[in-house]
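The sequence and its predicted three-dimensional model are supplied below.
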Amino acid sequence: MHRKTGAVAALAATAIVLAGCSAAEAEPAADGSAAPSGAEASTITVYTSEPQEKIDEIIAAFNEQRPEITVEVFRAGTGDLTARIESERAAGEVQADVLLAADAPTFEGYAAEGLLAELDTADEAALDPAVLDAEGYYVGTRIIPTVIAYNTDAVESAPTSWQELTDPSYADRLVMPNPDVSGAAAFNAAVWLDEEQLGEEWLTALAENQPVIVDSNGPASQAIASGAQPVGVVVDYLVRDLAAAGSPIAVSYPEEGVPFVSQPAGIFASSDEVAASQAFVDFLVSAEGQQLAVEQAYLPVRGDVGTPEGAPAMADIALLNPDLDVIAETKADAVATFNALFQ
């Protein structure tokens, strides 16, 4: 599906330059690895949908290891990011070096169009194979499942399945994010429609309960926490964030399994800072980067850093793993189906 790009040669050339640093010129990084000493200052631009506070923490931790690399950020929702990327492509080339957002099918499409450089990701063997692109154009940086969340003050018995949400008792009590705005919600729509246990029949029955559709996962989680809509569909880390802050909200992982996005990272083929960009991507999936992800309430992409407080072990979560080519091909139609049913 992918096509090789000229950025491979650029990456290889940069790697040779870095390899020229002798062991005597290297200093230990915070994770014990060798970081180049006296490396030239560089600046990379990251397009991301990460919450501002979380991306600020990531950059601060990265700069403890690589202070010579300045990371500039443009933060927006996935829909706005993809629109910006398309606009910049039309004008000439993408102005970012790294994309940290969205879902694997989005990156599959970009790779197929020659928009991404091949990665040389460090420590791949430690990563969950589910987040690795077989052709090496992107790597997942956290597991972000979409789950059922509920207000513990308003709901006595937590729903345990997606099918349960179609019960008439949940009419006018549900909230969901808008797939036109949320990349995760768009991905979920395609996964649900592709899932044999669910499909269009389930989505139609769910629509009959008239969920409130809000722009994104943030407002959806807030509506649940406040009790305005006591049950909803939302990404799990937001539930943990709100519960840790004292909100009466909890998470339920549906027994049919949960769709998930892996917040991939990739380097644009047009980047002039491939080596610095690769260093940033490597930090995201390193043990230290993943420990930070866990501290930020995310489920990790490697098995040696545990899971967030209150979260189940990864082995206890049923993840839905659809064919990503099918999801990429059907996502636009799935969003159209969702909109027809829910709006």
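Structure received.

surely K54 meets E295?
No - the criterion here is CB atoms under 8 Å, and K54 misses it with E295 at 9.8 Å. Any C-beta I mention is one placed from the backbone N, CA and C, and that applies to glycine too.

The two: who's more crowded?
Higher neighbour count among K54 and E295: K54, with 19 against 14, using other CB atoms under 10 Å.

Now do the same for P168: its pLDDT.
P168 is assigned a pLDDT of 97 by the prediction.

May I ask which helix or strand encompasses V147?
strand 144-151 (DSSP states H and E).

which strands and helices sit next to that strand?
Here strand 144-151 touches helix 183-194, helix 217-226, strand 231-235, helix 236-244, strand 249-252, strand 260-261, going by 3 or more CB pairs under 8 Å, 6 or more residues apart in numbering; DSSP states H and E.

one more time with 10 Å
Of the remaining helices and strands, those touching strand 144-151 by 3 or more CB pairs under 10 Å, 6 or more residues apart in numbering; DSSP states H and E are strand 174-177, helix 183-194, helix 217-226, strand 231-235, helix 236-244, strand 249-252, strand 260-261.

tell me the angle that strand makes with strand 231-235.
Angular relation of strand 144-151 and strand 231-235 on a 0 to 180 degree scale: 150 degrees, by axes from the mean of the first three to the mean of the last three CA atoms, to 10 degrees.

Give me the angle between strand 144-151 and helix 183-194.
Using the same axes, to 10 degrees: strand 144-151 against helix 183-194 is 90 degrees.

Each with direction, which strands does strand 144-151 pair with?
Strand 144-151 sits in its sheet next to strand 231-235 (antiparallel), strand 249-252 (antiparallel), strand 260-261 (antiparallel), going by DSSP bridges.

mind checking which of those strands is nearest I69?
Nearest to I69, of all those, is strand 260-261, at 26.3 Å by CB to CB.

And the contacts of that closest one?
Residues outside strand 260-261 that contact it (CB atoms under 10 Å, 6 or more residues apart in numbering): 78, 101-106, 130-131, 140, 142-147, 182-188, 191, 235-236, 299, 317, 319-321.

now do stretch 335-343
Residues outside stretch 335-343 that contact it (CB under 10 Å, 6+ apart) are 176, 178-180, 185-190, 192-193, 200, 203-208, 210-213, 330.

just the buried members of those residues?
Among the contacts of stretch 335-343, those classed as buried by neighbour count (16 or more other CB atoms under 10 Å) are 176, 178-179, 185-190, 192-193, 203, 205-207, 211-213, 330.

related to what we said a few turns ago, possible to save the strands paired with strand 144-151 as JSON lines with mean neighbour count?
Shown next, in JSON lines, are the strands paired with strand 144-151 (neighbours: other CB atoms under 10 Å):
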{"stretch": "strand 231-235", "mean neighbour count": "27"}
{"stretch": "strand 249-252", "mean neighbour count": "21"}
{"stretch": "strand 260-261", "mean neighbour count": "28"}
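
Generate JSON lines for the ones you listed, with mean pLDDT as supplementary columns.
Shown next, in JSON lines, are those (pLDDT from 0 to 100):
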{"stretch": "strand 231-235", "mean pLDDT": "98"}
{"stretch": "strand 249-252", "mean pLDDT": "97"}
{"stretch": "strand 260-261", "mean pLDDT": "94"}
